[in-house]
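>>> Give me a 3D structure for the following:
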Amino acid sequence: MFKYILLLMALCPLVSTAKEQPNVLLICIDDLRPELKSFGVDYIHSPNIDKLASQGRAFHRHYVQAPTCGASRYTLLTGNYGPADNGALFRQAEAMKGKSLPAWFRKHGYTTVSVGKVSHHPGGRGGANWNDNSKPEMPGAWTRHLLPSGPWQHPRGAMHGLANGEIRKNAKDMDVHQSFEGPDKIYPDGLITDEALKQMNVLAKTSKPFLLAVGIIRPHLPFGAPAKYMKHYKNASLPVIPHAKKPEGKTTWHGSGEFMKYNRWRRNPNNDPDFAIEVRKHYAACVTYADALIGQLIERLDKLKLRENTIIVLWGDHGWHLGEHAIWGKHALFEESLRSPLIISHSGLSAPGKPTRAIVETLDVFPTICDLAGIDAPSNLDGRSLMSILKNPDAKGHPAFAYKRGAQTIRTDTHRLIVHKGGELELYDHESSEGETKNLAEIQPQKATSLLKQLKERLD
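Residues are numbered from 1 along each chain as shown. Just a heads-up that it's a prediction; the model follows:
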């Protein structure tokens, strides 16, 4: 009998430790620039994300590695620099087996579930309609990777779907924005959120810790959201678009091809101010729609009494231009393409609600989650843990690096340098009101040379 009691006493700490292993809720939002009230945009209605920011650490100068979905998500999910295109995860699938964020947590005893657009393809599969089980985007990484298609038929249909099952076939026949009456489920993100809530219910009943990643598609094009979210902006006054002119000389400017191919009723926001405001309001409605869905996820965490033991990470996969530099899209190396929201919340956070101005990168998320979960990070990661900033919001960050085909960039506290394949340089001073509109590369050659050296040392 005495031996049995000793055995129980020895086992009790093990049981307690297992229950204390924190869960992770990773929320990925597509094309979300820091267009949030908690990030300083007053006219935006984003109460749920703002509340999360008030309880966590908002990183106001978080930068992605690439201004496109697939390449940016590659760096989030691997903690490494990688290819600059949307096929990054598929092409590196074999090399990253067992090394990705979900695979690493699965190896350490977690149930890993993705719902929606977490990797580049919603649901994480390839094939013509992105639903081929034989072509996983991240082999072996997820215990379950899910995308409820509903009336949109398949993940490819959901990715660019409008209300009530409308699928993009020829983009010129699909409206660039839409506000349709109905509940959240008339757009794909409503179904994604419902499935995520179901998964959370299931995961709450198990003894294993979980990593639940939920990918919200909006505000990705086309800008469609239930009409109730557009009501917030009917009479809203929007600020003037800063630096709205097309830049001169060699830059990373592009013609907004993704946006312009949709039906725009023969209107161009670059020369039609009323249409520009219309587009911006529909983008804002999509942000508010995404915010409402995020609120449902956090409310369910609270209802299931999981919040205290869950690390919440909210991450935008890149920014999006709303007319700055005469761009309506991403795919540039300007500030608007590369800066996106990042919020981390956990129960042991110091000074919750105080944002940080430290520069950080998407690469840093993987090692940070490992630190918070008490798991050793893989030795090959390019990112750096943000624990020092979670402990002290005034702690320093580090330069941010990014790339696209044919160009690379470094962002420091005061400057941005862009280097083109042909050797052309763009140097911008962020302490000047001119920002990324006046190229100082020839005026400040020593500064350009210093930043170029840092860029080559980090990326080459």
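>>> Please enumerate the helices of this structure.
Remark: helices assigned in the chain by DSSP state H are 2-20, 47-55, 69-78, 88-91, 101-107, 155-159, 188-204, 227-230, 257-260, 273-303, 335-338, 365-373, 387-391, 445-459.
>>> and those as a markdown table, adding distance to residue 126?
The C-beta positions use only the backbone N, C-alpha and C, and glycine is treated the same way. Formatted as a markdown table, the helices of the chain follow (distance: least, C-beta to C-beta, whole Å):
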| stretch | distance to residue 126 |
| --- | --- |
| helix 2-20 | 36 |
| helix 47-55 | 32 |
| helix 69-78 | 12 |
| helix 88-91 | 6 |
| helix 101-107 | 17 |
| helix 155-159 | 10 |
| helix 188-204 | 19 |
| helix 227-230 | 32 |
| helix 257-260 | 21 |
| helix 273-303 | 26 |
| helix 335-338 | 26 |
| helix 365-373 | 23 |
| helix 387-391 | 36 |
| helix 445-459 | 28 |
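>>> For residue 417, which of these is the nearest?
helix 445-459 (4.0 Å; C-beta to C-beta).
>>> Quick check: which helices or strands does the closest one pack against?
When contacts are defined as 3 or more C-beta pairs under 8 Å, 6 or more residues apart in numbering; DSSP states H and E, helix 445-459 packs onto strand 400-404, strand 407-411, strand 415-420, strand 425-429.
>>> That one to strand 415-420, inter-axis angle?
70 degrees (axes from the mean of the first three to the mean of the last three C-alpha atoms, to 10 degrees).
>>> what angle sits between helix 445-459 and strand 407-411?
110 degrees.
>>> need the contact list for the spatially most central residue of the chain.
Residue closest to the mean C-alpha point of the chain, counted by C-alpha atoms, centre = their mean, is residue 316 at 2.2 Å. For residue 316, the contact set (C-beta atoms under 8 Å, 6 or more residues apart in numbering) comprises 28-34, 64, 340-342.
>>> beta partners for it?
residue 29 (DSSP bridges).
>>> so how far is residue 341 from it?
5 Å (C-beta to C-beta, to the nearest Å).
>>> what sits in contact with each of those two?
29, 32-34.
>>> quick one: which of those is nearest residue 266?
Closest approach to residue 266 among these (C-beta to C-beta): residue 33, at 26.6 Å.
>>> what's the closest non-adjacent residue to the closest one?
residue 319 (4.0 Å; C-beta to C-beta, 6 or more residues apart in numbering).
>>> For the one you found, give me its contacts.
With C-beta under 8 Å, 6+ apart, residue 319 has these contacts: 31-34, 64, 67, 330, 335-340.
>>> if we can go back for a sec, check the shared contacts of residue 316 and residue 341 and tell me the two furthest apart.
29 and 34 (11.2 Å).
>>> Of these two, which one has the most company?
Remark: of residue 29 and residue 34, residue 29 carries more neighbours, 26 against 21, as counted by other C-beta atoms under 10 Å.
>>> pLDDT wise, what is the more buried one at?
pLDDT for residue 29: 98.
>>> Next, the contact list for residue 252, please.
332-334, 404, 407, 418, 426.
>>> Pop the domain breakdown of this structure in here.
Following automatic domain parsing, the chain resolves into domains at 24-398, 406-460.
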